[in-house]
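Asks: Based on what follows, work out the 3D shape:
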Amino acid sequence: MLHTKIVDSKKDKILISNAEKFIKDSKFGASIYFLGTVRNSNDNKTVTGITYDSHDEMVIKSFKEIYKEADQKLDIKDKAVFIEHAKGYLNLGDVSILIAVAGKHRDQAYVLSRYIIEEIKKRSPIWKKEHYEKEDSEWLKGNPISGT
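Replies: Below is the predicted model of the structure:
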């Protein structure tokens, strides 16, 4: 069971309550929620916000591929996964990504959640521009997109 979405920050927010509704099922004994939020510093610079941009179609495709690969590599068949990533400008403390997973056992849920976030960071075409004090900003260097 999989839910994926790019959330336009001008129109909507990423909400834990949506993830909770999606993954809740009595057959699961463990649920994990990972929230990535905008922090106030990076590389000794004071961050005031972040703008995320993405190739939405390719991001959703990568989320689906990562979910499928989890079946093969982690052998966790019975699971629910909810992934949403923000697009647009976010203030300090705003949620940029939410990954919620549910499985039969806690070890499966932890492993699956960690696998998903690490693979998204490596493979999904999402870029971020940090905004700093004194109105400076810069696009951060990311990982090259692999041919997977």
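Asks: pLDDT of the helix or strand hosting Leu35, averaged?
Replies: Using DSSP states H and E, the element containing Leu35 is strand 30-37. Mean pLDDT, strand 30-37: 96.
Asks: which outside residues touch it?
Replies: Residues outside strand 30-37 that contact it (Cβ atoms under 8 Å, 6 or more residues apart in numbering) are 16, 19-20, 23-24, 93-106, 108-110, 112-113, 117. C-betas here are computed from N, CA, C, even on glycine.
Asks: Pull out the buried members of these.
Replies: In the contacts of strand 30-37, burial by neighbour count holds for 19, 23, 94-103, 108-109, 112-113, 117, counting by 16 or more other Cβ atoms under 10 Å.
Asks: Quick one: distance of the biggest strand by length in the chain to the chain centre.
Replies: Determined from DSSP state E, the single longest strand within the chain is strand 79-91. Centre-to-centre, strand 79-91 and its host chain are 5 Å apart (Cα atoms, centre = their mean, to the nearest Å).
Asks: re earlier: show only the entries of the buried ones among the contacts of strand 30-37 found in strands.
Replies: Val95, Ser96, Ile97, Leu98, Ile99, Ala100, Val101, Ala102, Gly103.
Asks: which residues of the chain score low on pLDDT?
Replies: 138, 142-148 (pLDDT under 70).
Asks: Tell me which stretches of it form helices.
Replies: 16-23, 56-74, 106-123 (DSSP state H).
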